[in-house]
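Asks: what's the 3D shape of this:
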Amino acid sequence: MKAAILEQTTSLKKNKKPLKITEVAEPAVGDGDDVLVKVSVCGVCHTELDEIEGRILLPSFPVILGHQVVGVVAGQGRRCLLYTSDAADDLICVDFGGRRLIRQNKKMQDEET
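Replies: Okay, here's the model as predicted:
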């Protein structure tokens, strides 16, 4: 999969393209309660600008930035209690830090179109 990678902090005045589009390994879910989301779009806000310029310290580099995503459910851990097996391909929005998932199931999407 492709990801926008930040390899080090930098000044946006000096570096107009601080992110590098790179192929990375696809994540996998295990036995836990993770939900794997195939991202369709990802918003960039002031938080990412602060991370790029070093005002918010990141634990390590390289890092994939972005925290406001919309995509579809691509998998889930075996102990995931949020979704049932019919969640595959449901539209999902993940807020800052992944604390809240907002789901619109496929049946609802079909009825709205």
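
Asks: only C-alpha atoms for contact and neighbour calcs from this point on.
Replies: Noted.

Asks: which parts of the chain are strands?
Replies: Secondary structure of the chain (DSSP state E): strands at 2-6, 19-23, 35-43, 63-64, 68-76, 91-94, 101-104.

Asks: who touches the third one?
Replies: Yep, that's strand 35-43 we're talking about. Defining contact as C-alpha atoms under 8 Å, 6 or more residues apart in numbering, one finds that strand 35-43 is touched by 27-29, 66-77, 80, 92.

Asks: what is the mean pLDDT for that strand?
Replies: Mean per-residue pLDDT for strand 35-43: 85.

Asks: so which helix or strand of this structure has the lowest pLDDT on average?
Replies: Least confident helix or strand, the chain: helix 106-112 with a mean of 46, by mean pLDDT, DSSP states H and E.

Asks: give me the buried subset of the contacts of strand 35-43.
Replies: Buried members of these, scored by 16 or more other C-alpha atoms under 10 Å, are 66-77, 92.

Asks: now, which of those residues sits nearest residue 13?
Replies: Lowest distance from residue 13 to the buried ones among the contacts of strand 35-43 (C-alpha to C-alpha) belongs to residue 66, with 20.4 Å.

Asks: surely that closest one meets residue 50?
Replies: No: counting by C-alpha atoms under 8 Å, residue 66 stays clear of residue 50, with 11.9 Å between them.

Asks: residues contacting the closest residue to residue 24 other than its chain neighbours?
Replies: Nearest non-adjacent residue to residue 24, counting by C-alpha to C-alpha, 6 or more residues apart in numbering: residue 1, 5.6 Å away. Residues in contact with residue 1 (C-alpha under 8 Å, 6+ apart) are 23-26.

Asks: filter these to the buried ones?
Replies: Of the contacts of residue 1, not one counts as buried by 16+ other C-alpha under 10 Å.

Asks: which members of those residues are the farthest-apart pair?
Replies: Between all members of those, the farthest pair (by C-alpha to C-alpha) comes out as 23 and 26, at 9.1 Å.

Asks: mind showing which ranges of the protein have poor pLDDT?
Replies: The chain contains residues with pLDDT under 70 at 82-89, 96-113.

Asks: now do 90
Replies: 1-4, 26-47, 65-113 (pLDDT under 90).
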